[in-house]
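Chemist: just coords:
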């Protein structure tokens, strides 16, 4: 999973990103030959995490509460 605006397209000017519909919250998922149930479980897990963008990478925010 990647965030194109912060990774592969980070050097693309904001105006060009906007014109191409590359929003800051756009996520790209690349899958291979994984089992469907594994993919669904992985995506559900990622969806329920609290993520923060640090520089050009997205990292999960963990709470010690």
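Modeler: Nice, thanks for sending it over. Keep in mind it's a predicted model, so treat the numbers as computed, not measured.
Chemist: C-alpha only now, for contacts and for neighbours.
Modeler: Will do.
Chemist: which helix of this structure spans the most residues?
Modeler: helix 36-48 (DSSP state H).
Chemist: quick one: average pLDDT of it?
Modeler: Mean pLDDT, helix 36-48: 82.
Chemist: Now that helix: buried residues?
Modeler: Under the neighbour-count criterion of 16 or more other CA atoms under 10 Å, helix 36-48 has nothing buried.
Chemist: measure residue 34 to residue 42 for me?
Modeler: 11 Å (CA to CA, to the nearest Å).
Chemist: What is the distance between the longest helix of the chain and the centre of its chain?
Modeler: 14 Å (CA atoms, centre = their mean, to the nearest Å).
Chemist: ok, now stretch 5-23?
Modeler: The answer for stretch 5-23 is 14 Å, by CA atoms, centre = their mean.
Chemist: distance between the ends of that stretch?
Modeler: 7 Å.
Chemist: what does stretch 16-24 give?
Modeler: 13 Å.
Chemist: in that stretch, what's buried?
Modeler: Going by 16+ other CA under 10 Å, stretch 16-24 has these buried residues: 17, 22.
Chemist: Also stretch 8-17?
Modeler: In stretch 8-17, counting by 16+ other CA under 10 Å, buried: residue 17.
Chemist: can you give me the mean pLDDT across that stretch?
Modeler: Here the average pLDDT along stretch 8-17 is 90.
Chemist: Just the endpoints, please. Distance across that stretch?
Modeler: 11 Å.
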